[in-house]
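# I would like the atomic coordinates for the input below:
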Amino acid sequence: MRTIRLTMAQALLRFLDQQYISIDGQETKFVQGVMGIFGHGNVTGIGEALEYSAGDLTYIQGKNEQGMVHAATAYAKQKNRKQIYACTTSIGPGALNMVTAAATATVNRIPVLLLPGDNFASRQPDPVLQQLEVTNDYTVSATDPFKSVSKYWDRIVRPEQLMSAATQAMRVLTDPAEAGAVTLALPQDVQAEAYDYPETFFDKKVHYIDRRPAAQETVQRAAAVILGKKRPLIIAGGGVLYAEATKELAEFAEAFGIPVAETQAGKSSLPWNHPLQVGAIGVTGALAANKLAKQADLIIGVGTRYSDFTTASKSAFENDDVQFININISGFDSSKLGGISITADAKVALNLLRETLTFLDYSSNYETGYIATLKDEWDREVDRLYQAECAEGFAQTHALGVINETIDSSSVVVCAAGSLPGDLHRLWRSTEPKTYHMEYGFSCMGYEVSGAFGAALAEPGREVYAIVGDGSYLMLHSEVVTSLQEGQKFTILLFDNHGFQCIHNLQRSQGSEGFGNEFRYRETGTRKLTGSYMPIDFAAHARSLGAKSYKATNAEELKSALLQASKETVTTLIEIPVVPGTNTGGYESWWQVGVPEVSESAKVLAAHEEMKKNIQAAKPI
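Model (predicted):
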């Protein structure tokens, strides 16, 4: 057996550089490069390997460890999980900064490879700088927290262990049913240790992603249930887009006259103006979809994990006879809500189920024009909100209307947290698949700017917009600098409403007078933040980083700024002051949060009683 002597870090990069995937006969290089921030725990190991022997892997310098993992996650999400970036950090705080982003990737079923540095395996320079010492278990380090947020975790304490660990890592990263964060903890001494690796370890490896077929017996059972149902509703989740099954979804819905509602991850599966597209569902849902959900006697979930926002805390489905059929590549998700589980690729399963139901001459039994009436009612509501005026200033929904109607329909919008995801889910009109990039599995504040950089990296031919609140922007905006460094332009649409207004709204809806969520000064001698709003010049901040910036206080200024920003060649920020509370409300939906049973506030106690009523009304499924 022929061997080659390499350090563990050099061998890891050479291995990653030879990984490919093949789907539907199309072969793609899987690992595009490495995003990293160097410290003493990785700079002389994997850093040296990246400098001298990275092969065709591109190195991108991150500015914040969490931010660069968000960027890598967004890149893989936009690429339908066909391509990834790995992320490397030093030990201690550098590694731990990635934990939140690792959880974000795992919750959203997005593959990302994390390579945090770790303590010395030899334990001789002990404790090394930034080492976490756990006195009752000295095998624990700062990389152990990744175990709970990773789909696969390993620590390479001998260089030859890399071969089995890397193989297992690729198994998980390329499995659509298991995708999420994969963590290989790399002790800093082992990164630089050499081993005689067999040359075959570095042969080109193609991972064939075969579309999982649907079992004929399961499809027949599902078809038998569907035949007895008159008012079915499809819920399209992110799995529709990852399986590239938008055409099959449309054909299935059209064949049997079944309306389609969308989750946050599934939005853009059908164009907004498709006659069977009834909009967002659940807590952030549209009136049409939520009305249909209440009446539905069958829910066909395609690629959805049924979060509490999708099911409105299991209160969305009021029909006593409602049943569930779940098409999902993951058996974990397809088994939810006690439904008939079709564990299969969405494209394959939809085609087979359509053929079966066509042979059985099935059709839904909605009243003529009923779906169109609900859809028209909702479209008029969106039009109203897109033109909403506010005496105090610019309304948030009006600003979104201007944006939606001004930017190119092929543009990608990225969002994650605050009141904006609810407004976008309800109101945004997508006409093309993969133009709506919402991280709402974890709803991680700070994802937006980093995610937009990752999406721009994945879609260099499209305009990308980060739609972000001031609260999320202040949490994490470091990858603006990385985008400038890499020449990957995107546009930040910063909605300034003076604080964490989404949670402020939730707080007040549950009996509070409002506490601790607005960006106000503290008045001398007071316990609460009740002073005036803090004036923050976000446009000036963006300029200080090297970005272009504009400020728009009304519809005319915003349209002009959008047109100017589209001509810029570098990342651009448009600051949009909006009036707090001018976002959308709920449309016949409910979300369960814990409301205190004991309080000095009569409003809080009343909200608790209302919560109990809603819990009793929800289906225990």
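# next SSE downstream of the least confident helix or strand in the chain by mean pLDDT?
Lowest on mean pLDDT, DSSP states H and E among the helices and strands of the chain sits helix 501-509, with a mean of 81. Using DSSP states H and E, the helix or strand that follows helix 501-509 in sequence is helix 538-545.
# now that following helix: how far from the chain's centre is it?
With Cα atoms, centre = their mean, to the nearest Å as the basis, helix 538-545 stands 27 Å off its chain's centre.
# can you list the neighbours in contact with that helix?
Here helix 538-545 makes contact (Cβ atoms under 8 Å, 6 or more residues apart in numbering) with 470, 473, 480-481, 484, 492, 494, 496, 548-551, 572-575. Glycine gets a C-beta too; all of them are placed from N, C-alpha and C.
# list the buried ones in that helix?
Of the residues in helix 538-545, Phe538, Ala539, His541, Ala542 count as buried by neighbour count, 16 or more other Cβ atoms under 10 Å.
# what ranges do the helices span in the stretch 351-500 of the chain?
Using DSSP state H, counting those that start in this stretch, the helices of the stretch 351-500 of the chain run over residues 370-386, 396-406, 420-427, 447-458, 470-475, 479-486.
# show me what the shortest one is packed against.
If contacts are counted by 3 or more Cβ pairs under 8 Å, 6 or more residues apart in numbering; DSSP states H and E, helix 470-475 sits against helix 447-458, strand 491-496.
# could you dump the ones you listed to JSON lines with distance to Val225?
Listed next are the helices and strands packed on helix 470-475 as JSON lines, based on distance: least, Cβ to Cβ, whole Å:
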{"stretch": "helix 447-458", "distance to Val225": "38"}
{"stretch": "strand 491-496", "distance to Val225": "44"}
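# pick the most buried one from those.
Highest mean neighbour count of those: helix 447-458, a mean of 31 (counted as mean count of other Cβ atoms under 10 Å).
# what angle separates that one from helix 420-427?
60 degrees (axes from the mean of the first three to the mean of the last three Cα atoms, to 10 degrees).
# residues in contact with the residue nearest the centre of the chain?
Central residue of the chain (Cα atoms, centre = their mean): Glu439, 2.3 Å from the mean position. For Glu439, the contact set (Cβ under 8 Å, 6+ apart) comprises His70, Thr73, Ala74, Lys77, Thr104, Asn108, Val414, Cys415, Ala416, Tyr447, Gly451.
# which one of those residues is nearest Leu184?
Nearest to Leu184 among the contacts of Glu439 is Thr73, at 16.9 Å by Cβ to Cβ.
# which strands or helices does the strand or helix carrying that closest one pack on?
Thr73 is part of helix 65-78, with elements assigned from DSSP H and E. Helix 65-78 sits against strand 31-36, strand 84-89, helix 99-107, strand 112-118, strand 436-438, helix 447-458, helix 479-486, with contacts defined as 3+ Cβ pairs under 8 Å, 6+ apart.
# tell me the secondary structure for Glu575?
Of the three states, Glu575 takes strand under DSSP: H, G, I helix; E, B strand; the rest coil.
# contact partners for it?
Leu494, Asp496, Asp537, Phe538, Ala539, Ala542, Ser549, Tyr550, Lys551, Ala552.
# for burial, what's the neighbour tally of the last one?
Other residues within reach of Ala552, judged by other Cβ atoms under 10 Å, total 22.
# now it. Nearest residue, chain neighbours left out?
Leaving aside its sequence neighbours, Ala552 sits nearest to Leu558 (Cβ to Cβ, 6 or more residues apart in numbering; 3.8 Å).
# cool, thanks, signing off.
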